[in-house]
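# everything below, folded, please.
(one chain, ligands or ions: 1)
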Amino acid sequence: MAFKASADVSNRLTSWGNGDPCSGNWTGVKCVQGRIRYLILEGLELAGSMQALTALQDLRIVSLKGNSLNGTLPDLTNWRYLWSLYLHHNNFSGELPPSLSNLVHLWRLNLSFNGFSGQIPPWINSSRRLLTLRLENNQFSGAIPDLRLVNLTEFNVANNRLSGEIPPSLRNFSGTAFLGNPFLCGGPLAACTVIPATPAPSPAVENIIPATPTSRPNEGRRTRSRLGTGAIIAIVVGDAAVLALIALVFLFFYWKRYQHMAVPSPKTIDEKTDFPASQYSAQVPEAERSKLVFVDSKAVGFDLEDLLRASAEMLGKGSFGTAYKAVLEDGTIVAVKRLKDITISGRKEFEQHMELIAKFRHPNVVKLIAYYYAKEEKLLVYDFMPNGNLYTLLHGNRGPGRKPLDWTTRVKIALGAAKGLAFIHRQPGAQKIPHGNIKSSNVLLDKDGNACIADFGLALLMNTAAASRLVGYRAPEHAESKKISFKGDVYSFGVLLLELLTGKAPAQSHTTQGENIDLPRWVQSVVREEWTAEVFDIELMKYKNIEEEMVAMLQVGMVCVSQSPDDRPKMSQVVKMIEDIRADQSPVAGDSTSQSRSGSPSDASH
Ligand SMILES: Nc1ncnc2c1ncn2[C@@H]1O[C@H](COP(=O)(O)OP(=O)(O)OP(=O)(O)O)[C@@H](O)[C@H]1O
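Numbering: from 1, shown residues only. You can find the predicted model right below:
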């Protein structure tokens with residue numbers, strides 16, 4: 001009420017004062033458990049000081065943007081739990097108060113378009129979670145400190161009075177982040193030139209000047225030369241014609257042969273579970289049958305015949321063909337993927353590709369054990385993941401009798417999947433391959449409930465029709481193509497995080513189940529309009545004290561689905577962010593433990 005009395009010059013806060021601020025009736029005030037958490041007072045013509053607001057001690061998000069508040073920033077020590085502070089487009093002035101360094105949980109700080117002055121303080125580094133730091137259009141002067149903020153993805157200090165060399169930690173940001181500071185140099189701007197010392201107030205800074213005043217935004221980005229589209233089409237059409245001819249000849253040959261030798265597998269489970277055994281043994285010439293190539297030397301305990309004799313169960317049909325669970329006679333269980341419609345047709349190319357994929361060994365990546373190549377049949381043999389996939393865990397059987405996926409398990413899955421993908425992205429040089437097909441049905445759980453990334457390396461074999469099935473996870477820049485990229489993977493991973501948090505499945509043209517929504521857009525709209533926990537999966541509401549972690553995870557998901565690829569973090573940063581959310585990974589009140597997921601039912605209590 002003190003703030004209203006001093007700042008509400010245009011009478012926009014008339015709802016304030018009627019009973020309890022947490023009643024839901026006070027403009028811009030949202031509470032959690034009876035404490036004011038969110039204060040969203042944007043564009044309300046508020047003026048004067050914000051001092052009175054600093055008495056509130058449980059704030060998480062404060063947005064006062066687009067007002068006429070002025071004066072220096074008050075002591076913000078009480079806002080130590082704050083996640084986001086938006087004060088842009090006001091009339092604040094003066095230096096940043098040291099109390100800002102207490103905001104160690106801060107994710108986003110936007111002070112742009114004010115009249116702040118003085119140096120950008122180096123203690124901004126104490127807000128080490130910062131994703132956003134917007135200081136543009138102020139009057140900051142002096143050198144930019146060496147900011148060591150590993151998560152920083154949105155940064156702007158344009159149009160200030162900054163000078164000196166851009167520190168190495170910030171040189172990856174584009175030139176537009178630094179424009180309008182005539183004495184700033186290095187990194188994406190013009191190179192610095194050291195001139196002889198003059199009696200300037202701060203020689204270390206003043207003596208370094210830009211060689212030329214022009215900036216070179218985005219320098220350093222390279223485009224790779226590729227085959228022209230025409231050439232690719234010509235190659236594909238030519239190959240397809242030859243293949244079609246060969247296929248016709250073989251089809252005729254095998255059809256005749258099939259009539260004489262249908263070899264039923266003694267243990268094939270039923271008609272629906274047509275694991276390669278029957279068709280496959282009929283199609284593959286004797287000479288080729290033994291050529292199961294093992295890429296995992298430890299697994300060489302069976303051969304193609306064993307696989308054909310295995311009892312089999314269809315797991316599902318995906319973009320690349322059908323997956324089966326195969327139980328060999330010695331009890332070994334493997335997953336077999338029978339590929340169809342793939343773009344690689346040559347044996348050599350296929351083998352090289354598989355050998356490359358096989359090198360990617362990590363506890364959070366599903367292990368390729370072996371592959372089989374014949375003209376008419378391509379099989380991939382993987383470690384079998386007994387605890388299903390994330391899609392089914394999240395969306396399967398939402399009705400009565402469903403075992404809820406508790407928060408600790410969700411965090412564990414998010415972290416495991418992030419680590420697997422970060423490993424894939426970390427590979428050096430020629431081995432660098434994006435995943436290209438990150439989605440919840442490709443996150444599988446091993447016997448200990450660890451998340452493993454499946455289908456790595458297969459996106460490169462995918463034809464355009466298959467690619468179009470990934471629509472809900474596809475980054476906007478790849479919406480119309482089957483192109484894949486590392487930043488595209490980060491976007492898909494962000495959608496997966498939003499899926500984990502909301503319990504909603506993103507749009508997928510091949511599924512008729514559930515709602516077909518653009519998940520990032522939906523989350524954006526709810527979060528913008530409500531600033532509340534309404535976005536989260538109803539199943540998560542029963543767990544106590546996890547709201548902060550959920551919001552922190554939401555922030556990670558949101559930054560991953562940034563429209564611009566440059567604003568998305570690297571997967572290694574995403575791993576770090578998720579680790580920061582829950583350092584100890586211990587169960588929270590009401591959680592079932594991760595072990596009990598595969599055993600006893602959840603003991604989640606309300
Ligand atoms: N290694 C594995 N262990 C256990 N189950 C698996 C394994 N690989 C795939 N599956 C299961 O088989 C089913 C089909 O998987 P598949 O990867 O072929 O299709 P998808 O994931 O639905 O789509 P896409 O092919 O586009 O990735 C899924 O239910 C998946 O969980």
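# the ligand contacts on the stretch 401-550 of the chain?
By C-beta under 6 Å from any ligand atom, the residues of the stretch 401-550 of the chain that approach the ligand are 437, 441, 442, 444, 454, 455. (Glycine included, C-beta is placed from N, CA and C.)
# please narrow those residues to those residing in helices.
In helices, defined here by DSSP state H, there are no members of those.
# closest one of those residues to the ligand?
residue 441 (3.7 Å; C-beta to the nearest ligand atom).
# for the closest one, give me its contacts.
Applying C-beta atoms under 8 Å, 6 or more residues apart in numbering to residue 441 gives the contacts 318, 389, 390, 391, 392.
# show me where pLDDT drops low in the stretch 501-606 of the chain?
Counting by pLDDT under 70, the stretch 501-606 of the chain shows low-confidence ranges at 508-516, 527-533, 544, 583-606.
# now do the helices in it.
Using DSSP state H, counting those that start in this stretch, the helices found in the stretch 501-606 of the chain span residues 519-530, 547-560, 571-581, 594-598.
# pick out the most distant pair among the contacts of residue 441.
Maximum pairwise distance in these, criterion C-beta to C-beta, is 14.3 Å, between 318 and 390.
# of the two, who's got more company?
Shown here are residue 318 and residue 390; by other C-beta atoms under 10 Å, residue 390 has more neighbours (24 against 20).
# and the gap between that one and residue 19?
Using C-beta to C-beta, to the nearest Å, residue 390 is found at 44 Å from residue 19.
# for residue 151, same thing?
40 Å.
# these two: which is more packed in?
Between residue 151 and residue 19, residue 151 has the larger neighbour count (other C-beta under 10 Å), namely 20 against 8.
# so that one makes contact with residue 573?
Yes: assessed by C-beta atoms under 8 Å, residue 151 is found in contact with residue 573 at 5.5 Å.
# related to what we said a few turns ago, out of the residues of the stretch 401-550 of the chain next to the ligand, who's the most crowded?
Ranking these using other C-beta under 10 Å puts residue 437 first, with 28 neighbours.
# partners of the strand or helix carrying residue 373, with directions?
Secondary structure from DSSP states H and E places residue 373 in strand 368-374. If you go by DSSP bridges, strand 368-374 pairs up with strand 292-294 (antiparallel), strand 377-383 (antiparallel).
# which residues touch the closest residue to the ligand within the chain?
Nearest residue of the chain to the ligand: residue 318, at 2.0 Å (C-beta to the nearest ligand atom). Residue 318 makes contacts with 337, 441, 455, as judged by C-beta under 8 Å, 6+ apart.
# pLDDT score for the residue nearest to the last one when sequence neighbours are not counted?
Translated: residue 455. Nearest residue to residue 455 in three dimensions, chain neighbours excluded: residue 442, at 4.9 Å (C-beta to C-beta, 6 or more residues apart in numbering). The per-residue pLDDT reported for residue 442 equals 94.
# ok, residue 442 - contacts?
If you count contacts by C-beta under 8 Å, 6+ apart, residue 442 has them with 389, 453, 454, 455.
# how about a cut-off of 7 Å?
Taking C-beta atoms under 7 Å, 6 or more residues apart in numbering, we find residue 442 in contact with 453, 454, 455.
# which ones among these lie within strands?
Residues of the contacts of residue 442 located in strands (DSSP state E): residue 453.
# now the helices for this protein?
Ranges of helices in the chain, per DSSP H, are 2-7, 203-206, 229-260, 277-283, 304-309, 347-358, 390-395, 407-426, 464-467, 486-502, 519-530, 547-560, 571-581, 594-598.
# buried ones in the first one?
Residues of helix 2-7 classed as buried by neighbour count (16 or more other C-beta atoms under 10 Å): 3, 4, 7.
# need the max-distance pair from the residues of the stretch 401-550 of the chain next to the ligand.
For those, the farthest-apart pair by C-beta to C-beta is 437 and 444; their separation is 13.1 Å.
# in the sheet, who's paired with residue 382?
Bridge pairing for residue 382 - DSSP bridges - gives residue 335, residue 368.
# surely it is in contact with residue 366?
Yes: between residue 382 and residue 366 there is a contact at 5.4 Å, judged by C-beta atoms under 7 Å.
# so what's in contact with these two at the same time?
With C-beta under 7 Å, 6+ apart, residue 382 and residue 366 have no common neighbours.
# tell me the residues on the chain that lie near the ligand, please.
Checking the chain against the ligand by C-beta under 6 Å from any ligand atom, the hits are 315-316, 318-320, 323, 335, 337, 366, 382-385, 389, 437, 441-442, 444, 454-455.
# now do the same contact list for the spatially closest residue to residue 490 that is not a sequence neighbour.
Take residue 490 and drop its neighbours on the chain: the residue closest to it by C-beta to C-beta, 6+ apart is residue 568, 4.5 Å away. By C-beta under 7 Å, 6+ apart, residue 568 lies in contact with 153, 487, 490, 491, 559, 560, 562.
# gap between residue 568 and residue 336?
Applying C-beta to C-beta to residue 568 and residue 336 gives a distance of 35 Å.
# domain assignment for the chain?
2-210, 271-384, 392-606 (automatic domain parsing).
# coming back round to it: with distance to residue 58 as extra columns, can I get the contacts of residue 318 in CSV?
Output for the contacts of residue 318, formatted as CSV (distance: C-beta to C-beta, whole Å):
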residue, distance to residue 58
337, 51
441, 39
455, 44
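# from residue 11, how far out is residue 2?
Noted for residue 2: a distance of 16 Å to residue 11, by C-beta to C-beta.
# no, scratch that, I was asking about residue 36
21 Å.
# so who does residue 359 touch?
Counting by C-beta under 7 Å, 6+ apart, residue 359 touches residue 431.
# that older thread, deepest in the core, which of the helices of the stretch 501-606 of the chain is it.
Each of the helices of the stretch 501-606 of the chain was scored by mean neighbour count; the highest is helix 547-560, a mean of 21, by mean count of other C-beta atoms under 10 Å.
# got the angle for it vs helix 407-426?
30 degrees (axes from the mean of the first three to the mean of the last three C-alpha atoms, to 10 degrees).
# which neighbouring elements make contact with helix 547-560?
helix 486-502, helix 571-581 (3 or more C-beta pairs under 7 Å, 6 or more residues apart in numbering; DSSP states H and E).
# any idea which of those gets closest to residue 135?
Nearest of these (C-beta to C-beta): helix 571-581, 21.0 Å.
# just give me how far that closest one sits from the chain centre.
10 Å (C-alpha atoms, centre = their mean, to the nearest Å).
# pull the CA atoms of that helix into PDB?
In PDB, the C-alpha atoms belonging to helix 571-581 read as follows (Å, rounded to 0.1, in the frame of the first residue of the first chain):
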ATOM      1  CA  MET A 571      23.900 -28.900 -24.400                       C
ATOM      2  CA  SER A 572      26.900 -28.900 -22.000                       C
ATOM      3  CA  GLN A 573      25.400 -25.700 -20.500                       C
ATOM      4  CA  VAL A 574      22.000 -27.300 -20.300                       C
ATOM      5  CA  VAL A 575      23.500 -30.200 -18.300                       C
ATOM      6  CA  LYS A 576      25.000 -27.700 -15.900                       C
ATOM      7  CA  MET A 577      21.700 -25.800 -15.600                       C
ATOM      8  CA  ILE A 578      19.800 -29.000 -14.700                       C
ATOM      9  CA  GLU A 579      22.500 -30.100 -12.300                       C
ATOM     10  CA  ASP A 580      22.100 -26.700 -10.600                       C
ATOM     11  CA  ILE A 581      18.400 -27.200 -10.200                       C
END
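# okay then, goodbye and thanks.
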